[in-house]
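1. Sequence plus predicted model, see below.
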Amino acid sequence: MILLVLMIVLAILPTTAGAVSGEPVPTGATSPQIVEIGVDTMDFNGFSVADGTVETNFYLSLRSDRPISLDNVELMNGQITAVYPFVNTTNEKTYRIYALITADPDLRQFPFDQHMLPIEIESKNDDVSKRVLVIDTNRTGIEPEADLPGWEITHNRAYVMNKSYDEGGEEYSRAVFAHDIERDTASTVLKFFLPIMLIVIVSLSSLMMKVSSRLGLNASMFLAAVLIHWRVADAIPLVAYATFLDIFMIITYGTLVMVLISGILIMKFTETKDTIRIELVNYWSLRIIPVLSISLYFLLFLTLLL
């Protein structure tokens, strides 16, 4: 009888071992897939500020301890135009990708504007509970030969963020590979600011002329400034805020208008042969307009340093 009781107890023990009263045994619990992702940018081409688009090509590397492929991720801020696989194993993939990506240009300091060109890659279909992206620093960067005509590539960085499309909804892991660019300063000064400043200098120099014929000179300078402004502003889209260019041209137009008004007054007083008022106009024009104009330009350019 004792042996029979022992046999029954031993048969029951395996089924109850490890069970805790009041706690269900978890079934199918798994950790999220960790995917090491790297982007090595090769080049940029055809950056359009008006459209906010730029062509790029880069190497995309994916590594994980589980099967991974390009079908598990997607480019969020652009369209892939061509894909060439290089490494194609179960747990590691490398692709050469050509894409047209979009950016969000900030034109407040145009034409001294700076922009960020991001390559944003997100986990496709699976949220952070199933797949998490991690930056592969050894396979992330930008080639030294990479360039963008008219721009300087100043900095690049990479980070991972969680993106949710509904408040309190599922979050998806997104890797961002950002490249900071700024407009070439020498090209900007030579192509735009040098012609405009020459126009302003010629117009201010005409204040030393005491003849009414300077009115025609100042009118032609004003038209030239308008044409240059129109040509440069046509390269950017319409925005809801004032750019550096807009404020600069407001000061320029104000300067040219003041010089024009002084010329009109001199012509009027010359017709009436009022030499006293002609001298007064010349006296105050030479002392107010250049000082006011230079001060406003100085304050404007000072904002670039803030």
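-> Here it is on my side, so go on.

2. my read is residue 110 is in a helix, agree?
-> No - Residue 110 is assigned coil when assessed by DSSP: H, G, I helix; E, B strand; the rest coil, not a helix.

3. Quick check: residue 43 touching residue 149?
-> No - with contact defined as CB atoms under 8 Å, residue 43 does not reach residue 149; the gap is 10.9 Å. Where C-beta positions appear, they are placed from N, C-alpha and C, glycine not excepted.

4. what's the helix or strand for residue 153?
-> strand 151-164 (DSSP states H and E).

5. Buried residues, whichever helix or strand comes after that strand. List them.
-> Note on strand 151-164: by DSSP H and E, the next helix or strand toward the C-terminus is strand 171-183. Neighbour-count burial for strand 171-183, counted by 16 or more other CB atoms under 10 Å, picks out 171, 172, 173, 174, 175, 176, 177, 179, 181, 182, 183.

6. Which strands or helices does strand 171-183 pack on?
-> If contacts are counted by 3 or more CB pairs under 8 Å, 6 or more residues apart in numbering; DSSP states H and E, strand 171-183 sits against strand 33-48, strand 114-123, strand 131-135, strand 151-164.

7. Sort out which residues of the longest one are buried, please.
-> Of the residues in strand 33-48, those scored as buried under the neighbour-count criterion (16+ other CB under 10 Å) are 33, 35, 36, 37, 38, 39, 40, 41, 44, 47.

8. partner strands of whatever helix or strand comes next after that strand, parallel or antiparallel?
-> Toward the C-terminus, strand 33-48 is succeeded by strand 53-64 as the next helix or strand (DSSP H and E). Take DSSP bridges as the rule and strand 53-64 pairs in its sheet with strand 33-48 (antiparallel), strand 92-102 (antiparallel).

9. Give me the mean pLDDT for strand 53-64.
-> For strand 53-64, the mean pLDDT works out to 96.

10. Contact partners for residue 34?
-> If a contact means CB atoms under 8 Å, 6 or more residues apart in numbering, then residue 34 has 64, 65, 132, 134 as its contacts.

11. Please read off the pLDDT at it from the model.
-> 96.

12. What separation do you get for it and residue 210?
-> 80 Å (CB to CB, to the nearest Å).

13. If we only consider the buried residues of strand 33-48, which is nearest to residue 261?
-> For the buried residues of strand 33-48, the closest approach to residue 261 (CB to CB) belongs to residue 47, at 41.8 Å.
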